[in-house]
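K.L.:
Just the structure for this:
(2 chains, ligands or ions: 2)
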Amino acid sequence: MRLYSIAVYLFLYIPIGIIVLFSFNSGRHASDFQGLSTMWYGKALSNPFVMESLVTSLIIAFAAATLSSLTGTAAALALQRMRGPMRVLFDGLIYISITIPGIVIGITTLVALVTAFDIVNPILADMWPEGVKPPKLSLGYASVIAAHTLFTMSLVIVLVRARIAGMDRALIEASTDLYATPWRTFYQITLPQIFPAIMAGFLLSFTFSFDDFIISFFVAGPNTTLPIYVFSSIRRGITPEVNAIGTIVLAFSLILLVTAQFLLRARNERK
Amino acid sequence: MEHNPSQLAQASKVDVPDIQFVGVTKRFGNVAAVDNVDLSVESGAFFSFLGPSGCGKTTSLRMIAGFEQPTEGNVYINGQSVVGIPPHKRHVNMVFQQYALFPHMDVADNIGYGLRQRAPRPSKSEIAKRVDETLELVRLEGYGNRRVWEMSGGQQQRVALARALINHPTVLLLDEPLAALDRKLRREMQIELQTLQRDVGITFVLVTHDQEEALSMSDQICIMNEGRIVQTGSPRDLYDDPVSRYVADFVGKSNFFEGDVVDVNAGSYSIKSATGQVFSGFGSKGAPALVKGGKASIAVRPELLSIGSADGGNIDADVKILGQIKNRIFLGEHTEYLVECEGLGEVLVLSPKHIENIRGTFEPGASVTLGWMNDIALALGD
Ligand SMILES: Nc1ncnc2c1ncn2[C@@H]1O[C@H](COP(=O)(O)OP(=O)(O)OP(=O)(O)O)[C@@H](O)[C@H]1O
Ligand SMILES: [Mg+2]
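P.N.:
Ligands and ions are numbered 1, 2, ... in the order given. Now for the predicted structure:
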């Protein structure tokens, strides 16, 4: 049993370990380790294509995480008051949306958006005055951000809901008993109580969006996110530069995940 | 129900009770948590709701605070109907059972919370001054900058009190405020609460299922059972004149001898027990009259029973019964005997030390005579 689980972990982590190790390779080839060096990190960071796709990824991840934190929190607060069969239905829908494979979200979002554009664009063209070029909706930042928000919002809902459920109802009652209006109670008591969960939700959403390849691949249009860049450069052969990028992304994601875990943990321990 | 308290209020401004319930019922689904309750709490009183778990004490309190709305009837605060008015617009404050202190604020911010919600909001220095005064009132000077979770249970309790009292509410509501404290601390806090109430002159309404707590602190106690009021009165009224066996059993300890009512004579009843003995006792003030042929109990307080040797010679009593000592506990001032009496069950006797000094004590297993005077026995229905 012991041996078996060790084997599983090795199987999972050896490839990752190799990527990290080879990102420090001083040789020219990904498969041929020549000695330690950080030169590929320098190369990666001074590559304009890498930097451009990194910025694109950061913008998308930030926007998607912000949107999903806001909408997810609002939804969690609203769902909290719901009882009975509707609640069961919504709970089910949330969990389903978390488990739907990325490729399905990618394809369906793409189809939905393209269909919508086909309907809306001619109408826009009709509405615009003669001679002025009408705006044309197309795939781009907005479509990736929308698809990522859709996907990560459920995570925020689940985290915030758990936090609300664990919160002492008497705190809210105490606040209203002490003359606070419902709105003041919300931002003086409820919000500070659930804020760590919202932050954790934001960080998780950010990581998921930042790391996502499949959904972006379908709906990004002309934009290149970092995972898309890595994918296309791999087709030209794996270089230590790709390993370096992979390692940076890995470290970045781990830091965010650990921070999110920490935020969720710290709350529970104080209780 | 016919009288309207707000009209009464205009007529005689002085006599407006702080709290009044008129025909109040609260149902949760089919359960009537509070069932057609009428009561009034006088200004400046220390009023307690006392009753077993689930009898509707908390629900009554929550209707005063505004967390629950009555299904039927009317609740008045200061002569004004408050039905439909949300908690933040009622000038009453509550001390919660688990204190419900805000964990993300320090002690001073917790206490000043109520003042900060006021419009117009008092100045920072005004709030700080009031917070300091209130900290002093609950003997927590210098604790303002502590985090609430760094405080002990007793200290948190005081913070919760201070947080409510700083607003000078018309009524302070307390839901089992001492339940989370250990025995010794609870005793101290009981005395402290009583002193505090006299000092600040605010009406206190307390909920408890601890009879000793209610008896030692309150001016008025309202005994509830299954959503209804059984009896309201001063601790002494309830102790001396319980209207039913239920009250006598709940307030202090009592022995009951059950039987059938065989004779009714000008407020005095004769009750024949299963052993064939006939005991007599007076009906309580305010209790419904018992009917001949019905079931009733004779109630005798343990401290009003005399205990003597088996020959019965050395006690002066109208009624004497025989028994055997099952258990004896020294309580310092008193000795408590549990006596098994054939056909009547176990009888509790509290014998004061000065009598024990003269007569000596009885050993477990000894046969004894128990006796009491007829004028201290009460005849009670269930
Ligand atoms: N929000 C609620 N929903 C449904 N039933 C409730 C609710 N609150 C109270 N009840 C019911 O109403 C009855 C009275 O409850 P209440 O809390 O007033 O009792 P209590 O006298 O305070 O008891 P305890 O000493 O256990 O606190 C109980 O049967 C309880 O189950
Ligand atoms: Mg209760």
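K.L.:
tell me the mean pLDDT for stretch B:146-154?
P.N.:
Taken as a whole, stretch B:146-154 has an average pLDDT of 89.
K.L.:
what comes into contact with it?
P.N.:
Residues outside stretch B:146-154 that contact it (CB atoms under 8 Å, 6 or more residues apart in numbering or on different chains): A:270, B:101-103, B:105-107, B:110, B:143, B:156, B:159, B:180-182, B:185, B:188-189. For every residue, glycine as well, the C-beta is placed using N, CA and C.
K.L.:
Write a PyMOL command that selects only the buried members of those residues.
P.N.:
Here is the PyMOL command that selects the buried residues among the contacts of stretch B:146-154 (16 or more other CB atoms under 10 Å in any protein chain shown):
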select buried, chain B and resi 101+102+103+105+106+107+110+143+156+159+181+185+189
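K.L.:
quick one: which of the contacts of stretch B:146-154 sit in helices?
P.N.:
A:Arg270, B:Val107, B:Asn110, B:Gln156, B:Val159, B:Leu185, B:Glu188, B:Met189 (DSSP state H).
K.L.:
any idea which helix or strand carries A:Thr66?
P.N.:
A:Thr66 is part of helix A:48-80, with elements assigned from DSSP states H and E.
K.L.:
Pull out the buried positions in that helix.
P.N.:
Applying 16+ other CB under 10 Å to helix A:48-80 flags A:50, A:53-54, A:56-57, A:60-65, A:67-69, A:71-73, A:75-77, A:79 as buried.
K.L.:
So what's the residue count around the closest residue to ligand 1 within chain A?
P.N.:
Proximity of chain A to ligand 1 (CB to the nearest ligand atom) peaks at A:Arg169, 10.6 Å away. For A:Arg169, the number of neighbouring residues by other CB atoms under 10 Å in any protein chain shown comes to 9.
K.L.:
before we move on, what about B:Leu348?
P.N.:
B:Leu348 sits with 17 neighbouring residues when counted by other CB under 10 Å.
K.L.:
Now do the contacts for B:Pro103.
P.N.:
By CB under 8 Å, 6+ apart, the neighbours of B:Pro103 are A:Leu171, A:Gln193, A:Arg270, B:Val148, B:Trp149.
K.L.:
So B:Leu305 is in contact with B:Asn255, correct?
P.N.:
Yes - counting by CB atoms under 8 Å, B:Leu305 does reach B:Asn255; the two are 7.3 Å apart.
K.L.:
shared neighbours, these two?
P.N.:
Common neighbours of B:Leu305 and B:Asn255 (CB under 8 Å, 6+ apart) are B:Val347.
K.L.:
Around chain B, pick out the residues from chain A.
P.N.:
A:168, A:170-171, A:173-182, A:184, A:189, A:192-193, A:270 (CB under 8 Å from any CB of the partner chain).
K.L.:
Which among those count as buried?
P.N.:
Those of these that meet the buried threshold are A:168, A:170-171, A:173-180, A:184, A:189, A:193, by 16+ other CB under 10 Å.
K.L.:
how about low-confidence regions in the stretch 151-300 of chain B?
P.N.:
Scanning the stretch 151-300 of chain B for pLDDT under 70 picks out nothing.
K.L.:
Please enumerate the helices of it.
P.N.:
Assigned by DSSP state H, counting those that start in this stretch, the helices in the stretch 151-300 of chain B fall at B:153-165, B:183-200, B:211-217, B:235-240, B:245-250.
K.L.:
and the third one, what other elements does it pack with?
P.N.:
Contacts defined by 3 or more CB pairs under 8 Å, 6 or more residues apart in numbering or on different chains; DSSP states H and E place helix B:211-217 against strand B:46-50, helix B:183-200, strand B:203-208, helix B:235-240.
K.L.:
In PDB, list the C-alpha atoms belonging to the last one.
P.N.:
Listed next in PDB are the C-alpha coordinates belonging to helix B:235-240 (Å, rounded to 0.1, in the frame of the first residue of the first chain):
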ATOM      1  CA  PRO B 235     -40.100  35.200  44.200                       C
ATOM      2  CA  ARG B 236     -41.800  35.100  47.600                       C
ATOM      3  CA  ASP B 237     -45.300  34.900  46.100                       C
ATOM      4  CA  LEU B 238     -44.300  32.000  44.000                       C
ATOM      5  CA  TYR B 239     -42.500  30.200  46.800                       C
ATOM      6  CA  ASP B 240     -45.300  30.700  49.400                       C
END
